[in-house]
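Student: Coordinates for the following, if possible.
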Amino acid sequence: MKRNLRIALLAVGSLFGLLIVLIAGALVYGQVSFKRTYNDRPVYKIKADTSPQGIARGEYLVQSVMGCADCHAEKSQEDALSGLSYPIQQGPIAGIFSGSNLTPDVETGLGAWTDGEIARAIREGLDRDNTELVIMPSQNYREMSDEDIASVVGYLRSLKPVRNEITPFTMNPPAKTLWAFGLMGPRISQQPIVSSQDGPAAGSREYGAYLVNIGGCRDCHGADLSGGEVPMAPPGSPPGWDITSIGVISEWDKEEFILAMRSGTRPDGSLINPVMPWKVYRGMTEEDLESIYQYLMSIQK
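Tutor: Model (predicted):
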């Protein structure tokens, strides 16, 4: 009897020790992988489009499609894109969220960056020192055409420089571990962009898919846009809708879809949850919203 008890205690102790080792290993891995540096990453050359048309296109993408102000501007200064930071605390996860200063200030913004470095940060999630950016949705922007990324860089170059030193993004060990294992969003793509990228023709269904990607719709509606729980959302947050051809909007016609995106009101008169960033997308052109609707209605499951 005593022998069996000793064996049981030894087994429990071994399992407990193994668990401690695994937890410690995970925490160490999270620490060493946080803001990893990729020294072999090339910078694909992009020349900013600073023409009036290029700046206008960049402003449209930044403000009405990509929603950059959500992470890079205080609500009172949404057009400035001069950065923001605030503490985060959700269960064991803690840290300081920071959205960098995107204005062309030389010391605290993008003024000292090359056009290619800015484009790479957006499309590949690396800063000018080859360090991985945290919670930068570069997976949404990776397929952006050279023409569009050049317009975005041109628009950022046109902003008024604002000196605003932003506190670096920090996380506690549990958060770093979750990030390292991809549980707080995708990591950067391992393949650098080394050749030109073209976008689909405006007004096409393919262009609608392109806008859905750079608009970040999959962040809340899932990889296949069929909805479900939103990753890392605060407790009590509503699930993402199924926005495919058999989902919530399947009974909406094109005009009702466009009106909902412009007004935040469903066809039945009910209000769309403010978590949905319709206030960003309401600035999109009717043609672009039509392309998105066309694409969503083409998704069969």
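Student: Identify each buried residue in stretch 133-153, please.
Tutor: 133-144, 146, 148-153 (16 or more other CB atoms under 10 Å). Every C-beta, even on glycine, is put in place using the N, C-alpha and C of the backbone.
Student: Alpha carbons of it, as CSV, please.
Tutor: Provided in CSV are the C-alpha atoms of stretch 133-153 (Å, rounded to 0.1, in the frame of the first residue of the first chain):
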residue,chain,number,x,y,z
LEU,A,133,5.7,45.4,-35.0
VAL,A,134,3.2,44.2,-32.5
ILE,A,135,-0.6,44.0,-33.3
MET,A,136,0.1,45.7,-36.6
PRO,A,137,-2.4,44.2,-39.0
SER,A,138,0.0,43.8,-41.9
GLN,A,139,-1.7,40.5,-42.8
ASN,A,140,-4.6,42.7,-44.0
TYR,A,141,-2.4,45.0,-46.1
ARG,A,142,0.1,42.5,-47.5
GLU,A,143,-1.6,42.3,-50.9
MET,A,144,-1.9,46.0,-51.3
SER,A,145,-0.8,47.1,-54.8
ASP,A,146,2.3,49.1,-55.3
GLU,A,147,0.1,51.9,-56.6
ASP,A,148,-2.0,52.0,-53.5
ILE,A,149,0.8,51.7,-51.0
ALA,A,150,2.7,54.5,-52.8
SER,A,151,-0.5,56.7,-52.4
VAL,A,152,-0.7,55.8,-48.7
VAL,A,153,3.0,56.8,-48.2
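Student: For that stretch, give the mean pLDDT please.
Tutor: For stretch 133-153, the mean pLDDT works out to 94.
Student: how far does that stretch sit from the chain's center?
Tutor: Relative to its chain's centre, stretch 133-153 lies at 10 Å (CA atoms, centre = their mean, to the nearest Å).
Student: Give the phi and psi angles for Asp70, as a check.
Tutor: phi -60, psi -30 (degrees, to the nearest 10).
Student: Please tell me how far it sits from Tyr155.
Tutor: Distance, Asp70 to Tyr155, using CB to CB, to the nearest Å: 16 Å.
Student: Between the two, point out the one with more neighbours.
Tutor: The neighbour count for Asp70 versus Tyr155, taken as other CB atoms under 10 Å, is higher for Tyr155 (25 against 14).
Student: In helices, which of the buried residues of stretch 133-153 fall?
Tutor: Of these, the ones assigned to helices by DSSP state H are Ser138, Gln139, Asn140, Tyr141, Asp146, Asp148, Ile149, Ala150, Ser151, Val152, Val153.
Student: can you redo those as JSON lines with distance to Gly228?
Tutor: Shown next, in JSON lines, are those (distance: CB to CB, whole Å):
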{"residue": "Ser138", "distance to Gly228": "23"}
{"residue": "Gln139", "distance to Gly228": "18"}
{"residue": "Asn140", "distance to Gly228": "18"}
{"residue": "Tyr141", "distance to Gly228": "23"}
{"residue": "Asp146", "distance to Gly228": "34"}
{"residue": "Asp148", "distance to Gly228": "29"}
{"residue": "Ile149", "distance to Gly228": "30"}
{"residue": "Ala150", "distance to Gly228": "35"}
{"residue": "Ser151", "distance to Gly228": "33"}
{"residue": "Val152", "distance to Gly228": "30"}
{"residue": "Val153", "distance to Gly228": "34"}
